[in-house]
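In: output the structure for:
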Amino acid sequence: MPGDRMRARLSAAFLLSLLYSASQAQTTSVIVPVATPLSVELVKHVPMKEGQAIDGRLLYPVYVDNRVAIPAGTAVQGRVTELEANRSQRIRGRLRGDFTPFHIPMVQFDQLVLPNGDRERIASNSTTDGARVLHLSPPPSKKKGSVISREIAAEKQRVKDAAAQVTAPGRGDRLLQFLYTQLPYHPQRIDAGTTWVVELSQPLDLKIAFPPATPATDPPSLASRKPEAPEWRLRAYLQQTISSANAKTGDKFQALVSEPVFNAENAVVVPQGSVLVGEITRTKPARSFGRQGKLRFRFRELKLPSGFIQPVEGTLAGADSDKSANLRIDSEGGIQPKSQNRVILPLVLTLLAGRAFDDDGSVAAHNAVASNGFGIVGRVVGIAAGSRNLAAGIGLYAAALSFYDLWLAHGKNVTFAKDTRIEVTTTPARNEINAPQAGEKPADAK
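Out: Purely as a prediction, here's the structure:
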């Protein structure tokens, strides 16, 4: 019958399409090597306690042979293995009336949950370097103005940042955490968004469905690329810690390219696994009296996995940084802590302390306003004692602490730890790539 023949043809076409799809997506065994960095972000707040389960997600994809082996967003599971005493935060808290025994969690991740639902055991190193990560990027290039105009612009930005703390989503939770800091003891937690970078301590064998690979070819020279691609954005992980505390001008360091770069024809131009060689061009260590550290570096060379060496001009275009470090990147790629207004806070606290001597209104209310330097404990003591001198003294103590922090304390150094993820904008140098001639070995071949 014609209908039966039509159904048979449709069934055959459907079977052929399935066979074609199966041939196009081949399951391949992929080995993710030892020391591969994984950037894992905590999904939700969890209590600070030993043995606490941690659910995270990968911030960035992991590539093997220039193809995605583990996609960004993959679920990662682990636990808190140990709590270490955070002595510096404990001292700072006690000076301000907070006697909470602060801790630093040591975490370890042991399982991936792949997008298809498969679970893979992983072995990774333990780490304590968790931080709320902020991705830094340089501002648009602007003409340099006068010192006064720059200070006005910086003050406007500080006002905007302060307003964002009130208007941004999650303000209820931020208010609750602020109230906790006023208590002499409060529960601790690990905040959502805390990110750890861990390295695999053992190779990871994955079964991945890849489309058919294109024939492998040596990546072309950056100097021979087409004019329509004026620069490449390289994403890499630092291979060692660099800091304004001990770096010297001219020091060399390396960063491992973690994601391949493709041209318009979808051919690999910069393979994953290439090495960027950087050089410190300016460094200034932090000093006392609030003098902040500064750091600037450039990338001069790109070593491809094949052994080719390409001179480049690379500038820092972005970096992951601890949010609490309060860093900024200028338009030329230099990094330093953001400037702070060092006058307003001590002045405001001093004026509030003087409220204790006002004659109008309630003495208890004035004492509560004045004695704000020791959290709830300071206010309770200031009100209960009924002494204006005591309340003013507690307020002046708060002003003295803020003056010390802003004017006398040692400034902050600019530090990027090993495995910090950076983004580099590169353009080829004028000289040609150091490619081996026919019959010669690559530069690093033995």
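In: can you count the residues close to residue 401?
Out: Neighbour count of residue 401, defined by other C-beta atoms under 10 Å: 18. For the C-beta atoms, the positions are set from N, CA and C on the backbone; glycine is no exception.
In: wait, doesn't it sit right on residue 96?
Out: Yes - in this structure, residue 401 is within contact of residue 96 by C-beta atoms under 8 Å, at 7.0 Å.
In: name the residues contacting each of the two.
Out: residue 373 (C-beta atoms under 8 Å, 6 or more residues apart in numbering).
In: strands paired with the helix or strand hosting residue 69, and their directions?
Out: Here residue 69 sits within strand 67-70, counting by DSSP states H and E. Using DSSP bridges, the strands paired with strand 67-70 are strand 62-64 (antiparallel).
In: mind listing what residue 245 touches?
Out: Contact analysis of residue 245 by C-beta under 8 Å, 6+ apart lists 285-286, 293, 413, 415.
In: whichever strand or helix holds residue 395 - what's its average pLDDT?
Out: Per DSSP H and E, residue 395 falls inside helix 388-403. Averaging pLDDT along helix 388-403 gives 89.
In: export only the CA atoms of that helix, formatted as PDB.
Out: Only the C-alpha atoms of helix 388-403 are listed here, as PDB (Å, rounded to 0.1, in the frame of the first residue of the first chain):
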ATOM      1  CA  ARG A 388      28.800  62.000  79.800                       C
ATOM      2  CA  ASN A 389      32.600  61.700  80.100                       C
ATOM      3  CA  LEU A 390      32.500  57.900  79.700                       C
ATOM      4  CA  ALA A 391      30.200  58.100  76.700                       C
ATOM      5  CA  ALA A 392      32.300  60.700  75.000                       C
ATOM      6  CA  GLY A 393      35.400  58.600  75.800                       C
ATOM      7  CA  ILE A 394      33.900  55.500  74.100                       C
ATOM      8  CA  GLY A 395      33.000  57.700  71.100                       C
ATOM      9  CA  LEU A 396      36.500  59.200  70.900                       C
ATOM     10  CA  TYR A 397      38.000  55.700  71.100                       C
ATOM     11  CA  ALA A 398      36.000  54.800  67.900                       C
ATOM     12  CA  ALA A 399      37.300  58.000  66.200                       C
ATOM     13  CA  ALA A 400      40.900  57.100  67.200                       C
ATOM     14  CA  LEU A 401      40.500  53.600  65.800                       C
ATOM     15  CA  SER A 402      39.300  54.900  62.400                       C
ATOM     16  CA  PHE A 403      42.100  57.500  62.400                       C
END
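In: ok, and what's touching it?
Out: Against helix 388-403 from outside (C-beta under 8 Å, 6+ apart): 95-96, 345-346, 349-350, 352-357, 363, 366-368, 370-374, 378, 381-383, 385.
In: can you flag the buried ones in the residues you listed?
Out: Taking 16 or more other C-beta atoms under 10 Å as the criterion, what is buried in the contacts of helix 388-403 is 96, 345-346, 349-350, 352-353, 355-356, 366-368, 370-374, 378, 381-383.
In: for the strand holding residue 69, buried residues please.
Out: In strand 67-70, counting by 16+ other C-beta under 10 Å, buried: 68-70.
In: in three-state terms, label residue 93 for me.
Out: Here residue 93 is recorded as helix under DSSP: H, G, I helix; E, B strand; the rest coil.
In: give me the neighbour count for it.
Out: Other residues close to residue 93 by other C-beta under 10 Å number 20.
In: surely it is in contact with residue 101?
Out: No - applying C-beta under 8 Å as the test, residue 93 and residue 101 come out as separate, 9.1 Å apart.
In: name the residues contacting each of these two.
Out: The overlap between the contact sets of residue 93 and residue 101 (C-beta under 8 Å, 6+ apart) is empty.
In: sorry, back to before: keep only those of the contacts of helix 388-403 that are in helices.
Out: Members of those lying in helices (criterion: DSSP state H): 95, 345-346, 349-350, 352-353, 363, 366-368, 370, 378, 381-383, 385.
In: can you give me the helices for the stretch 51-200 of the chain?
Out: For the stretch 51-200 of the chain, the helices defined by DSSP state H, counting those that start in this stretch occupy 87-95, 147-167, 171-181.
In: the ones you listed: lowest mean pLDDT?
Out: Across these, helix 147-167 gives the lowest mean pLDDT, at a mean of 62.
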